[in-house]
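J.: Only the shape, not the letters, is given here:
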Ligand code: SAH
């Protein structure tokens, strides 16, 4: 049974004018992508239908350089520009699934990078805010996401450990770079009921954690071990 046949409903973009003309998404790309979803995501227990649909639709190969295109849907992180990485599909799926916010809610992402996780969030949520430290990465991601037809993403260049106070509070915050301790501003910018998904730990090994604000109380739960590039 094909759980994620085209066309999809219930997720935003990519469906702008550029999509399908400027960018190429061949049947072979789609086959690899659907295999990725089946073997790496569904098979490992991630079942939220909206997350599955969005991942089956989002052309991950358009977020990486053409030299590694054949690996775009493989089961690991890949190098991207400026010594950064695009996270393993499973980790992106887990982070997105753990957010589990409502579609109308507002999401903040720290570490735009290639914009892949950003795009996924923008397919699932009405308003996405994303912060990147490296201006060239932010510009490339913004350009790519505009070409893909997204119009619900706000970009900011700066230190994401401070969050993005001007637009807070957020119902969900996803941090895609690792830090030894939770940056206090991110906790402060969490709305009531909001969740922060963040890798915490040393350089080579971290634990992905979920913090949830329940009134004045902050609850914390470990999700899994992971390896991210550092939050600088
Ligand atoms: N989500 C990205 C993964 C990016 S890797 C993707 O799917 O491609 C982590 C990113 O965090 C890098 O782009 C890095 O430049 C950025 N980063 C590191 N420290 C940061 C900081 N303090 N503020 C904002 N971005 C930061």
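T.: Thanks, I have the structure now. It should be emphasised that the depicted structure is a prediction, and the values quoted were computed from it without experimental measurement.
J.: Quick one: the helices in the chain, in order.
T.: Per DSSP state H, the chain carries helices over the ranges 27-36, 49-57, 89-99, 116-124, 135-147, 184-188.
J.: can you tell me if the last one touches the ligand.
T.: No: Helix 184-188 is not in contact with the ligand by CB under 6 Å from any ligand atom; minimum separation 10.9 Å. (Each C-beta comes from the backbone N, C-alpha and C, glycine too.)
J.: buried ones in that helix?
T.: 185, 186, 187 (16 or more other CB atoms under 10 Å).
J.: mind listing what the first one touches?
T.: Applying CB atoms under 8 Å, 6 or more residues apart in numbering to residue 185 gives the contacts 161, 162, 163, 165.
J.: ok, it to residue 110 distance?
T.: Distance, residue 185 to residue 110, by CB to CB, to the nearest Å: 10 Å.
J.: okay, and the common contacts of these two?
T.: By CB under 8 Å, 6+ apart, the residues touching both residue 185 and residue 110 are 161, 163.
J.: Chain neighbours aside, what residue packs nearest to the residue positioned nearest the centre of the chain?
T.: Closest residue to the average C-alpha location of the chain: residue 117 at 2.1 Å, with CA atoms, centre = their mean. Excluding the flanking residues, the one nearest residue 117 by CB to CB, 6 or more residues apart in numbering is residue 92, at 5.3 Å.
J.: dump the residue contacts of that neighbour.
T.: Contacts for residue 92 were tallied using CB under 8 Å, 6+ apart; they are 55, 116, 117, 120.
J.: List, out of these, those positioned next to the ligand.
T.: Among the contacts of residue 92, the ligand is touched by 116, 117 when using CB under 6 Å from any ligand atom.
J.: Could you export the contacts of residue 92 to JSON lines, including columns for distance to residue 227 and pLDDT?
T.: Formatted as JSON lines, the contacts of residue 92 follow (distance: CB to CB, whole Å; pLDDT from 0 to 100):
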{"residue": "55", "distance to residue 227": "20", "pLDDT": "97"}
{"residue": "116", "distance to residue 227": "17", "pLDDT": "97"}
{"residue": "117", "distance to residue 227": "16", "pLDDT": "98"}
{"residue": "120", "distance to residue 227": "20", "pLDDT": "97"}
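J.: possible to save the contacts of residue 92 as a markdown table with distance to residue 97?
T.: Putting the contacts of residue 92 into a markdown table (distance: CB to CB, whole Å) gives the following:
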| residue | distance to residue 97 |
| --- | --- |
| 55 | 10 |
| 116 | 15 |
| 117 | 12 |
| 120 | 11 |
